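A.B. asks: Show me the folded form of this:
(2 chains)
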There are 2 protein chains.
Amino acid sequence: MQWKPDRHSHLSLHIQIVDWMKTHIERGEWTVGTKLPPQRKLAELLGVNRSTIIDVLDELKADGLLEMKRGAGTFVSNNSWNVLLNKSQPDWHKHIQASIHKPNYHTIQLINEYEQDSCIIRLGTGELSPDLLPTKLLEQSLQSISLNARDIGYSEPKGSKRLRIILSDYLQKRGIHTSPESILIVSGALQALQLISVGLLEQQSIIFQEHPSYLNSVHPFQSAGMQMVSVKRNERLAETLKAGSGKKQSLFYTIPTLHNPTGSSLTPEERKRLLEICAELQIPIIEDDVYHELLFEESPPAMKSLDQTGQVLYVGSVSKTLSPGLRIGWVVAPEPVINRLADIKMQTDYGSSAFSQEIVAHWLSSGLYEEHVASLRQQLKGRSLFVESILNENFRRIATWEKSMGGFYIWLRFNEPVVNKALFLKLIKQKVLINPGYIYDPSDLHHIRLSYAYATLEELKEGLYILLNNI
Amino acid sequence: MQWKPDRHSHLSLHIQIVDWMKTHIERGEWTVGTKLPPQRKLAELLGVNRSTIIDVLDELKADGLLEMKRGAGTFVSNNSWNVLLNKSQPDWHKHIQASIHKPNYHTIQLINEYEQDSCIIRLGTGELSPDLLPTKLLEQSLQSISLNARDIGYSEPKGSKRLRIILSDYLQKRGIHTSPESILIVSGALQALQLISVGLLEQQSIIFQEHPSYLNSVHPFQSAGMQMVSVKRNERLAETLKAGSGKKQSLFYTIPTLHNPTGSSLTPEERKRLLEICAELQIPIIEDDVYHELLFEESPPAMKSLDQTGQVLYVGSVSKTLSPGLRIGWVVAPEPVINRLADIKMQTDYGSSAFSQEIVAHWLSSGLYEEHVASLRQQLKGRSLFVESILNENFRRIATWEKSMGGFYIWLRFNEPVVNKALFLKLIKQKVLINPGYIYDPSDLHHIRLSYAYATLEELKEGLYILLNNI
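C.D. replies: As a prediction, the model looks like this:
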């Protein structure tokens, strides 16, 4: 909501707000059933007294356009055309409720919503701080982009050939030898999971995931009707997978390097073992490798680099290192798999932004990217030490954590099960946003995914202080 | 395939090609079951004699890596690690066959594939010719883009606020009065259909579509399990919709302005009638309005501009006017609907390219866009006249068509049912690619969607001549 009444207008604030609301209702933008923000919030958003809002709502209720439901709020109950012309309109709420895709969890919707509030301290955001993004360099680099008319038309199904050639070269450093034909450009790693979900799996397939898992906070597999099975790190892997998969198709999703949300990495031995067990059981693996360049020390080998049978679907992205706004990631997999995923990608969105692809190609091939990532690692390292010093000073009696090895996150464990939705909401009221552990494992009330990547140092300090005061 | 053997190497061509193929098989890029291109094609691609290819294939067959299936081609039958280590690999082909999403029709896959061949004449492509894209202006405009660190992070769920404000202004010219909160930025119109499909409809919903329909050439609804019902233009609309929808949820998809593939437009009266009938039956309408700016004369009002109950989901895009490579489109709908679609968009790909959104915002707000579209209309008009003159000269005895009113297409109807897959394949061999009518209506063997927008004038002339010689 960006509109505000004009205090210099000859019309009263009351009349302006009534007109504004009526217009929204009449245009059909606020359909029947739409819930209005609470009175206090409306007053704040429009910059007027609450009494003005109450008067406006009363008038619209009298007009039959709004209704108040006790304890639930104020809703649009009708629109004037309906009243005047007795026209019906589609029951959008029924449509939404009956439809296929799951809504995001309420906590995650709130996180998405409150992240737009520039006054809130974001203690959990899995994203680089605006300070850490190479905004000026990106802007300057736009001048080095030369466009070719063929490249800005509809894309080849697999994405820009130039970018795929550059990537096949770049991936060699990660020990991954692949041809450009075995690479698909996607709009970020999440889209890769979506495409795999509908392109390679039948409904009711089993998705093995680590416990806790990033996948519980997004729904690429759940919305397509897959069954999620969590596997704890030290569990008897072979037995669990054998028992879990049964006769169904299955797939193992892993973030072996700088795992989200825990920040931990699998050892080289654990990687080999996982690969062997999955090979034996013919369970393909998705290796989500979007954080590896942010390891403070040397990185263990990618599982894909050990893959000799084409069982690993490797997923990478620049969202955690360069800019999420580019929306560029990639999948490396056997060519028939890539062909299939490319076919579905074409049916989904006809390819990723050609402009974003050109920018990434330029950054990777010019060396700008590597230079930037090296300096980014240093800055993240500094931020992690800063947060750890605050934790050491203030949280030692009530929580435990591991020293960060890289990336964005510290998986902070409180001794008591205090991290519930009430805490989440209480902190929002105090302008602090956390990512509670329960969005990664519904039964977890002990953890917070702390991110030292997003907020400023001052905000991190203040936010942790407010957090401490609410435990 | 871009690799070619090195003629200056000390290794023979034979050895180089054997090594190259083995590498692909051993890395798992060509999995068991992968089909190799035909010998002649391989020879062409690698720039060697066919006899060299035959020798190479023989060697790999002897090694047990390839097998020949009579009449079907050469396939990867094994990979060396499997042979050596007796390792198994996932059966990708089984995975693909059992999975949820439909593959594209074979004809459309071939179209996607052959469109990559720069020697082919594309008579049906629904895309602006590279000559018609403002490539240089786009490149220059990159220098006017100023980036804000907040804008190149993860996007707001509905997309760039700046772009939505600019769009709400821009849409006023189309008679559509909407606030930025009722607009969702998407990665092209096709993604809008995907989101609507999984976000607003239950499985087995009825999708009414025009006959013929663009929707038959893509699968956003079919893949989500919807039932398609085609409605002919002059049919008794109310009765058909009433009978067709029954007790199920339903939705009407229409391109009222410059319909794809026929190029025709609904009259203002037809628009009103469709709106009224759908309102009465509570059937929401998707108005796909991506071509309207390409009308040579003035445009009839958007159906959305007549919508008083929020029943129209309006879809727009810059793919047909500015550059498909931007992958930017928008949906205008009641706010609760937009909130729902935005939630699913976040779960699907975390938003569209921030860079593309900045570029579109710049073009729309600076006036560059309108200027470009005005000149584009003139150029398309010239192209349509050129093609019509060829048709008048050569096709009058065997086909009929309407004079183009704008956009890209002429819906060429042959008197005889000659437009079958055999013709499609025969023309490919002669380096001419057509969009046959049967991809828009499976029972149609009379039509070709002729596009005067893509090929050069010389190519159009030559392509039509080859077409004529094959009828």
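A.B. asks: In contact with the closest residue to chain B within the stretch 351-471 of chain A, which residues?
C.D. replies: Nearest residue of the stretch 351-471 of chain A to chain B: A:Ala354, at 2.9 Å (CB to the nearest CB). All C-beta spots, glycine's among them, are computed from the backbone N, C-alpha and C. Going by CB atoms under 8 Å, 6 or more residues apart in numbering or on different chains, A:Ala354 touches A:Asp151, A:Ile152, A:Gly153, A:Ser155, A:Ser160, B:Ser323, B:Gly325, B:Leu326, B:Arg327.
A.B. asks: Phi first, then psi, for the fifth one.
C.D. replies: For A:Ser160, the backbone dihedrals (degrees, to the nearest 10) come out as phi -50, psi 130.
A.B. asks: Might one say that it is in contact with A:Ile183?
C.D. replies: No - proximity of A:Ser160 to A:Ile183 does not meet the contact threshold set by CB atoms under 8 Å, at 10.3 Å.
A.B. asks: helices or strands up against the lengthiest helix in chain A?
C.D. replies: Ranked by residue count and defined by DSSP state H, the top helix of chain A is helix A:368-394. In terms of contacts (3 or more CB pairs under 8 Å, 6 or more residues apart in numbering or on different chains; DSSP states H and E), helix A:368-394 is packed against helix A:135-141, helix A:354-366, strand A:409-414, helix A:457-470.
A.B. asks: and with 6 Å instead?
C.D. replies: Helix A:368-394 sits against helix A:457-470, with contacts defined as 3 or more CB pairs under 6 Å, 6 or more residues apart in numbering or on different chains; DSSP states H and E.
A.B. asks: so what's the residue lying closest to A:Gly329 once chain neighbours are set aside up against?
C.D. replies: Among residues not flanking A:Gly329 along the chain, A:Ser317 sits closest, at 3.4 Å (CB to CB, 6 or more residues apart in numbering or on different chains). Taking CB atoms under 6 Å, 6 or more residues apart in numbering or on different chains as the contact definition, A:Ser317 lies against A:Gly188, A:Ala189, A:Val290, A:Gly329.
A.B. asks: how about 7 Å then?
C.D. replies: Contact analysis of A:Ser317 by CB atoms under 7 Å, 6 or more residues apart in numbering or on different chains lists A:Gly188, A:Ala189, A:Val290, A:Ile328, A:Gly329.
A.B. asks: how close does the second one sit to chain B?
C.D. replies: If you measure A:Ala189 against chain B using CB to the nearest CB, to the nearest Å, the figure is 9 Å.
A.B. asks: thinking that residue is in contact with A:Val290, fair?
C.D. replies: Yes - when contacts are counted by CB atoms under 7 Å, A:Ala189 is listed as touching A:Val290 (5.2 Å).
A.B. asks: neighbour-wise, which of those two wins?
C.D. replies: A:Ala189 (27 against 24; other CB atoms under 10 Å in any protein chain shown).
A.B. asks: Quick one: name the residues of the stretch 201-350 of chain A near chain B.
C.D. replies: Residues of the stretch 201-350 of chain A lying near chain B by CB under 7 Å from any CB of the partner chain: A:201-203, A:218-219, A:224, A:249, A:279, A:282, A:284, A:307-311, A:323-327, A:334-337, A:340, A:343-344, A:346-350.
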